[in-house]
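A.B. asks: got a predicted model here, sequence first, then my questions.
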Amino acid sequence: MNETERIIALSDAFGPSGFEEEVTELVRSELDGFDNIEVDSMRNLRVVLNPGTKGPKVMLDAHLDEVGVIVQAVRPQGTMKFLPVGGQSATNFPNSSYRLRNRDGRIVRAAVAVKPPHFQSAAEKNAMLTVADMVLDCGSISKEQTENEFGLGIACPGVPDVSCTYDEEKRLFYGKAFDCRIGVAAQIETLKRLKGKDLPCVIQGAFSVQEEVGERGVYANYKAFDPDLMICFEGCPADDTFQESWMVQAGMYKGPMLRHFDVSMITNPRFQKFALDTARELNIPVQESVRSGGGTDAGMIHKQGIPCIVIGIPVRYIHSSNCYCTLDDYKAAVDLACALAERLTEETVAAF
């Protein structure tokens, strides 16, 4: 696949937290021809370039999972009570369509439904909706039909029923799961570009599961790799449609975001400066941010004493069913990661 085809395929792939198998296999197929690939029981995928190099071990990371839903119980009339998987606003759910994976592995479409206004009391009409007020409806008329004919029941996972499209003229993607499939795509391309190069460091490619539910998979990858440094790819929330112009720190078409601060990490200032200086020297567009919320896999790993940076590719309406991101920002993220890999010598990393 070429780069745009790969991004589309990754966006469309089914992979809520804990159920990333399809995404893992897609990544494995895109890395065909690489040595040293392994997949663990969580479905983390790891690959190492130039393992014999004498130099610092640099772990690249992108998480495979996406936010989604999981069936909690089936109601007598056939609808399903569900829970969100990962942090999502309740307002995103009503009238959305989801793809549920049934017990046979088959995809079944279901709509998120709430009580129609015709049947709501005055108090219900004025109340703020919660997920507890919503159900998944696959068109069934009974619990027995949902379970026996649709094959749906407790613990069946689901993702938004959205297909990715690409506007070639505007270099604009629309789809789901760009947090963090656009980062996964960037990491795959970075590995492909670096393969066979004489580098001053060992490159460790970590594709991590279950980020959206507490950065669980990346810790297993960290334990397996024992890196000296980490570059975390992310799909980061674009802020250019809601913030004042002077506060925009992750706008589309302006390059990847290098995050100084969020609730999970204060970025290593020396590594951050090195990345920013490299980008400016090479005329790679980048943005800087200080965030009042958010968190990444780097937030987990920096607590192990590992210098980390986050290369975030802006995504509009992240953690919803309808997201936008651009090829321009993706390419700039890859360019920056490759440039850093070629400059991360033992002496440089020791200074961090």
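C.D. replies: Now that the structure is in, tell me what you want to look at. Here the structure is a predicted model, which is why all the values come from computation and not from measurement.
A.B. asks: walk me through the domains of the chain.
C.D. replies: 3-66+176-350, 69-160 (automatic domain parsing).
A.B. asks: closest to Glu169 out of those?
C.D. replies: Comparing the domains of the chain by their distance to Glu169 (C-beta to C-beta), the top pick is domain 3-66+176-350, with 11.2 Å. For glycine as for every other residue, the C-beta is placed from the backbone atoms N, C-alpha and C.
A.B. asks: just the mean pLDDT for that closest one, thanks.
C.D. replies: Mean pLDDT, domain 3-66+176-350: 96.
A.B. asks: how far does that domain sit from the chain's center?
C.D. replies: Distance of domain 3-66+176-350 from the chain centroid (C-alpha atoms, centre = their mean, to the nearest Å) equals 9 Å.
A.B. asks: before we move on, back to that, so which of the domains of the chain is the most packed in?
C.D. replies: domain 3-66+176-350 (a mean of 20; mean count of other C-beta atoms under 10 Å).
A.B. asks: helix or strand: which one has the residue nearest to Met257 when sequence neighbours are not counted?
C.D. replies: Distances taken as C-beta to C-beta, 6 or more residues apart in numbering place Gly312 nearest to Met257, at 4.0 Å, with adjacent residues excluded. Secondary structure assignment for Gly312, by DSSP states H and E: strand 308-315.
A.B. asks: now do the strands in the stretch 201-350 of the chain.
C.D. replies: 202-208, 229-237, 257-261, 287-290, 308-315, 323-326 (DSSP state E, counting those that start in this stretch).
A.B. asks: same check on the stretch 51-200 of the chain?
C.D. replies: Applying DSSP E, counting those that start in this stretch to the stretch 51-200 of the chain gives strands spanning 57-63, 68-74, 80-85, 97-101, 107-113, 135-137, 157-160, 165-167, 172-175.
A.B. asks: now distance to Cys323 too, for these, in CSV please.
C.D. replies: Below are the strands of the stretch 51-200 of the chain laid out as CSV (distance: least, C-beta to C-beta, whole Å):
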stretch, distance to Cys323
strand 57-63, 15
strand 68-74, 14
strand 80-85, 16
strand 97-101, 15
strand 107-113, 17
strand 135-137, 21
strand 157-160, 9
strand 165-167, 12
strand 172-175, 6
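A.B. asks: right, and the ones you listed - which one's nearest Val209?
C.D. replies: Short answer: strand 57-63, nearest of the strands of the stretch 51-200 of the chain by C-beta to C-beta, at 7.1 Å.
A.B. asks: alpha carbons of that closest one, as CSV, please.
C.D. replies: What follows is strand 57-63, C-alpha atoms only, in CSV (Å, rounded to 0.1, in the frame of the first residue of the first chain):
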residue,chain,number,x,y,z
LYS,A,57,18.2,2.6,22.2
VAL,A,58,15.5,4.9,20.9
MET,A,59,11.9,3.6,21.3
LEU,A,60,9.4,4.9,18.8
ASP,A,61,5.8,4.4,20.0
ALA,A,62,2.3,4.7,18.6
HIS,A,63,-0.8,3.2,20.1
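A.B. asks: name every strand pairing with it and say which way it goes.
C.D. replies: Take DSSP bridges as the rule and strand 57-63 pairs in its sheet with strand 202-208 (parallel), strand 229-237 (parallel).
A.B. asks: now do the SS call for Val23.
C.D. replies: Secondary structure, DSSP: H, G, I helix; E, B strand; the rest coil: Val23 is helix.
A.B. asks: pretty sure it is touching Asp12, no?
C.D. replies: No. Between Val23 and Asp12 there is no contact under C-beta atoms under 8 Å: 10.2 Å.
A.B. asks: excluding covalently adjacent residues, which one is nearest to Ser289?
C.D. replies: Gln249 (3.7 Å).
A.B. asks: now the one you found: how far from Pro256?
C.D. replies: Going from Gln249 to Pro256 by C-beta to C-beta, to the nearest Å gives 12 Å.
A.B. asks: same check on Lys223?
C.D. replies: Taken as C-beta to C-beta, the span from Lys223 to Pro256 is 28 Å.
A.B. asks: check Met300 too.
C.D. replies: 20 Å.
A.B. asks: quick one on the thing from earlier: dump the residue contacts of the residue nearest to Met257.
C.D. replies: 183, 233-236, 250, 256-259, 289, 296 (C-beta atoms under 8 Å, 6 or more residues apart in numbering).
A.B. asks: same question, Val135
C.D. replies: So Val135 contacts 75, 79-82, 112-114 (C-beta under 8 Å, 6+ apart).
A.B. asks: hmm, try it at 6 Å
C.D. replies: The contact partners of Val135, taken as C-beta atoms under 6 Å, 6 or more residues apart in numbering, are 79, 113.
A.B. asks: and it, bridged to which residues?
C.D. replies: Bridge pairing for Val135 - DSSP bridges - gives Ala113.
A.B. asks: could you pull out the helices for the protein?
C.D. replies: Along the chain, the segments classed as helices by DSSP state H run 3-12, 21-30, 122-126, 143-148, 178-194, 216-225, 269-281, 297-301, 327-341, 346-350.
A.B. asks: indicate which one of those is closest to Arg316.
C.D. replies: helix 178-194 (8.9 Å).
A.B. asks: contacts for that closest one?
C.D. replies: Defining contact as C-beta under 6 Å, 6+ apart, one finds that helix 178-194 is touched by 6-7, 10-11, 30, 49, 60, 62-63, 203, 205, 233-235, 313, 315, 318, 323, 325, 330, 333-334, 337-338, 341.
A.B. asks: good, wrapping up.
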